[in-house]
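A.B. asks: coordinates only, sequence not included:
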């Protein structure tokens, strides 16, 4: 029994270390990496489900592997989302305007944008080749 008491005293001495940045770095890094991995996996699973639903809808209710292969080789067009820019349409809905056609920008007075922001958006759209 005396050896057990000596071991317990040594363990208490070891556990009474001060908390410093050096002692907290590894647990903090591990928690951060685990959180990032969790968020990444959740978002990629969500994106994969949305993509599968889009392809399923384009194929008429069930994914056609033949059509999928033709899409991947550029023979068929890729299915497009009904709402390609959800942020822009949310701004349009808040402003009470009708959603614009693809590639066109809503008038500044409808969405609440100033003229400078409108010019920047037009230049960005031209750069993307829309």
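C.D. replies: Looks like it arrived, so ask away. What you see is a predicted model, and the numbers here were worked out from it, not measured in a lab.
A.B. asks: Show me where the protein has its helices.
C.D. replies: Per DSSP state H, the chain carries helices over the ranges 2-15, 21-58, 65-72, 86-95, 108-111, 115-128.
A.B. asks: With respect to burial, which of those scores highest?
C.D. replies: Of all the helices of the chain, helix 108-111 has the most neighbours on average by mean count of other Cβ atoms under 10 Å, namely a mean of 14. Where C-beta positions appear, they are placed from N, C-alpha and C, glycine not excepted.
A.B. asks: Out of the helices of the chain, the one nearest residue 79 is which?
C.D. replies: Of all those, it is helix 21-58 that lies closest to residue 79, at 3.5 Å by Cβ to Cβ.
A.B. asks: I'd like to know which elements that closest one is packed against.
C.D. replies: Counting contacts by 3 or more Cβ pairs under 8 Å, 6 or more residues apart in numbering; DSSP states H and E, helix 21-58 packs against helix 65-72.
A.B. asks: Run through who's touching the helix it packs on.
C.D. replies: By Cβ atoms under 8 Å, 6 or more residues apart in numbering, the residues outside helix 65-72 that reach it are 55, 58-59, 76-79.
A.B. asks: which stretches of this structure have low pLDDT?
C.D. replies: By pLDDT under 70, the weakly predicted segments of the chain are 1-2, 11-17, 82-113, 129-130.
A.B. asks: still on that earlier bit, so which of the contacts of helix 65-72 is the most crowded?
C.D. replies: Highest neighbour count within those, by other Cβ atoms under 10 Å: residue 58, with 18 neighbours.
A.B. asks: can you pull the contacts of that residue?
C.D. replies: Residues near residue 58 by Cβ under 8 Å, 6+ apart: 67, 79.
A.B. asks: how close does it sit to residue 25?
C.D. replies: 49 Å (Cβ to Cβ, to the nearest Å).
A.B. asks: With residue 81 instead?
C.D. replies: According to Cβ to Cβ, residue 81 and residue 25 sit 43 Å apart.
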